[in-house]
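Trainee: predicted model, plus sequence, below.
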Amino acid sequence: MGKSIDPRVLRTRNLIVEAFNQLMITKGFEQITVKDITEQATINRATFYAHFVDKYALLEEVLTEQIEQIFNEQLQGNSNHSLNEALIIQLFLAIVRVHNQMFSQCRRGYTAFTQMIDDKVKDYLVETIQKYLPSEQKFQSIIISWGLYGAYVDWDKKKREAATTYAQKAAQPLLLLI
């Protein structure tokens with residue numbers, strides 16, 4: 001039997017995350033202190049440190065959760081069990097949503113942790129695509145993931161066409177890698 005998590009622990013953790021998210025709207029990440037977070041969450045420092053090593057660990061966990069949530073929402077209803085054009089398009093649109101949401105939630109700190117977002121999204125793409133390929137094709141999942149992310153970067157720089165249109169164009173060459 002799995003060990004259940006104390007609801008008070010979950011509640012406290014949620015208070016910390018919510019306080020952090022609120023502060024990210026009004027302050028840049030570099031300006032946020034653990035003291036700011038604890039005051040906003042109405043907890044003491046020891047309680048914060050019982051949950052997170054520092055604000056960077058908190059940032060990493062918040063980013064991971066948000067990225068997973070966005071990808072899960074974007075892929076919801078995808079009943080196909082194979083890597084196909086529709087899935088590639090949904091993954092591309094998930095990348096767009098991640099960056100749009102992160103930018104709108106934390107404009108002042110977005111550029112400070114863009115690299116962390118990029119790394120987490122790439123890792124999530126590899127994991128997701130790997131689920132749709134045989135285990136011996138792990139290398140292809142890496143290449144397809146990075147190709148898809150590269151396509152996003154190209155689209156983001158130019159934005160000459162709708163994301164869906166661009167994703168449709170990117171899907172065909174990526175599917176040739178399978």
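Mentor: Received it, and whenever you're ready, just let me know what you need. Numbering: from 1, shown residues only.
Trainee: got a list of what the residue nearest to Gln130 when sequence neighbours are not counted touches?
Mentor: Take Gln130 and drop its neighbours on the chain: the residue closest to it by CB to CB, 6 or more residues apart in numbering is Ser141, 4.2 Å away. Heads up, the C-betas are built off the backbone N, CA and C, glycines and all. Going by CB atoms under 8 Å, 6 or more residues apart in numbering, Ser141 touches Val126, Ile129, Gln130, Leu133.
Trainee: contacting residues for Tyr110?
Mentor: Contacts of Tyr110 by CB under 8 Å, 6+ apart are Met102, Phe103.
Trainee: picking that back up, which SSE is the residue nearest to Gln130 in?
Mentor: helix 138-158 (DSSP states H and E).
Trainee: now that helix: how far from the chain's centre is it?
Mentor: 15 Å (CA atoms, centre = their mean, to the nearest Å).
Trainee: report the buried residues of that helix.
Mentor: Gln140, Ser141, Ile144, Ser145, Gly147, Leu148, Tyr149, Ala151, Tyr152, Trp155 (16 or more other CB atoms under 10 Å).
Trainee: if you average pLDDT over that helix, what comes out?
Mentor: Mean pLDDT, computed over helix 138-158, is 94.
Trainee: hey, where'd the helices end up in this structure?
Mentor: 7-26, 34-41, 45-51, 55-75, 85-105, 114-131, 138-158, 163-175 (DSSP state H).
Trainee: among those helices, which is the most enclosed?
Mentor: Most buried of the helices of the chain, by mean neighbour count (mean count of other CB atoms under 10 Å): helix 85-105, with a mean of 19.
Trainee: identify the residues contacting that helix?
Mentor: 21, 24-25, 63, 66-67, 70-71, 74-75, 78, 80, 110, 117, 121, 125, 128-129, 132, 148-149, 151-152, 155-156, 163-164, 166-168, 170-172, 174-175.
Trainee: related to what we said a few turns ago, would TSV of the buried residues of helix 138-158 with distance to Val96 be doable?
Mentor: Output for those, formatted as TSV (distance: CB to CB, whole Å):
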residue	distance to Val96
Gln140	23
Ser141	20
Ile144	17
Ser145	15
Gly147	16
Leu148	11
Tyr149	11
Ala151	11
Tyr152	7
Trp155	8
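Trainee: quick one: contacts of stretch 125-132?
Mentor: Taking CB under 8 Å, 6+ apart as the rule, stretch 125-132 contacts 71, 75, 81-83, 87, 91, 95, 138, 141-142, 144-145, 148-149.
Trainee: wouldn't Glu30 be in contact with Thr111 here?
Mentor: No: taking CB atoms under 8 Å as the definition, Glu30 is not a contact partner of Thr111, at 10.7 Å.
Trainee: let me see the domain layout of this protein.
Mentor: 1-52, 61-175 (automatic domain parsing).
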